[in-house]
Each structure stands twice: as structure tokens, then as C-alpha cells.
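S.K.: I'd like to go over a predicted model; first the sequence, then the structure.
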Amino acid sequence: MITENLGFLIHVFTIIFVVVNPISGVVTFISLTSKMKNEEKNEIAKKSVILACVIALFFAIAGNIILNLFNISVDSLRVAGGILLFSIAFDMMHAKVSKGRITEEEISHSQEREDIWIFPISLPLLTGPGTISTVIVLMGGTEAIVQKIIILVSIILTFIICYYIFQFSRGIHKLIGYNGMLVFTRLMGLLLAALAVDLTVKGIIDIYRLTI
């Protein structure tokens, strides 16, 4: 039982971490906070990560209620979320800033604002449509209370790591370099594309089974 839950934790954490993808967000975070002192940057990192985590937890807990309210099945969300994630992954594999997360225009317009920790860092850089749909699908795909708790723990763990990545973002960028960030982004894009295909196929198969 412990081994099974540990395996589920690793599986779910990997999915959420790949979708949130904080490493790829480092370049954007640095560009948005380039004129700030370290103390200001760290405060932005803390507030943005906390808000993003709260949003992700909210949709994980209330996601099924929202789906039922609009009469949307989890499988339909799997298909839609899979397509969305694949479009994000496609941009990542080409080392582009995904339009599903944040655009270059939004970055340039945000640099002089004081609420950048809300938009665009928390939304949509960390908790965009891909993250929201993923946590809803994960929670809707299990009835076991223990597994639901594991999903919530995985979300919290992911954003704790996000905080430290953003806190040490300038050092990470110097260590890995711009080319290293591009390589990592492409690798994460490949993993995200595989996840997107898996979600879409599973959703299509489940919908097909319900119609026959």
C-alpha cells in the first residue's frame, strides 16, 4: 500500500511539475524583475507562488463542482486539456513563449506595474489553463481519499519548489545559461506533449465507451 501510494505521489508530482514548468518560467521571471533588488524580487516570488498555489488548490478541490455546474464531464476536460497542453508543449519544443501562458507583449507591458506577482506571474505563468485543467482531471480521475490528498500534497510540493527556483532564479540562470534553459524547455515540452497525448487518448476512449 505504501509503495503504491509512493508511486502515485511520484507520478502525480511529475505531471504537475512538468505542467507548471517553473524552470522555463525563470527567464520570464528574471525579465519582469530585472530592475528590482533581491529583497523585492524574493517578495514577488513569495506572493506569486502562494497565490498560484491557492488557485491550483481551489480548482483541484472545487473543480468537480464547477464541471457539474456546467454539465461538463471529466473526460471532455481531458480531451480539451490535452489539446491545450499539446499546443503549449509544441511552443516549448520550439523554445517559444507559449500563447497559452504569457505573450511577449504582456511581458513588456507588465514590467512597470507593481502587481506583476498577480498577473502575469501567478496567472497565467504558473497557474494557467493547462495547470487548472490538469489538477481538475487528476482529482476527477480518482475516488480514493488518500489519492486525492496525495494530489493536493503534490500541488503544494510543486509550488514550494517553484518558490525556491524563483528565489534563486538569477543564480540558476547564470549556472545553466540561456542555451541550457532552451534545452531544458525543449525537454519539458517533449514530456508535456506525451502527457497531452495520453490525456487526450484516455478521454476519447472513455467517451467512446460511454456511447456504446
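M.R.: Structure's in. What do you need? Numbering: from 1, shown residues only.

S.K.: Pull the distance from whichever strand or helix holds Leu199 to the chain's centre.
M.R.: In this structure, Leu199 sits in helix 169-211 according to DSSP states H and E. The chain centroid and the centroid of helix 169-211 are separated by 10 Å under CA atoms, centre = their mean, to the nearest Å.

S.K.: And for stretch 155-170?
M.R.: Taking mean C-alpha positions (CA atoms, centre = their mean), stretch 155-170 and its chain are 12 Å apart.

S.K.: which of the residues in that stretch are buried?
M.R.: 155, 157-159, 161-163, 165-167, 169-170 (16 or more other CB atoms under 10 Å). For glycine as for every other residue, the C-beta is placed from the backbone atoms N, C-alpha and C.

S.K.: One more: stretch 190-202?
M.R.: Using 16+ other CB under 10 Å as the test for burial, stretch 190-202 gives 191-193, 195-196, 199-200, 202.

S.K.: hmm, back to that, just the closest of the buried residues of stretch 155-170 to Ile207, please.
M.R.: Nearest to Ile207, judged by CB to CB, of the buried residues of stretch 155-170 is Ile155 at 26.4 Å.

S.K.: Can you list the low-confidence ranges for this protein?
M.R.: Along the chain, segments meeting pLDDT under 70 span 96-113.

S.K.: How much space separates the residue nearest the centre of it from Ser122?
M.R.: For the chain, the residue nearest the mean C-alpha position is Val20 (2.2 Å; CA atoms, centre = their mean). Val20 is 11 Å from Ser122, where distance means CB to CB, to the nearest Å.
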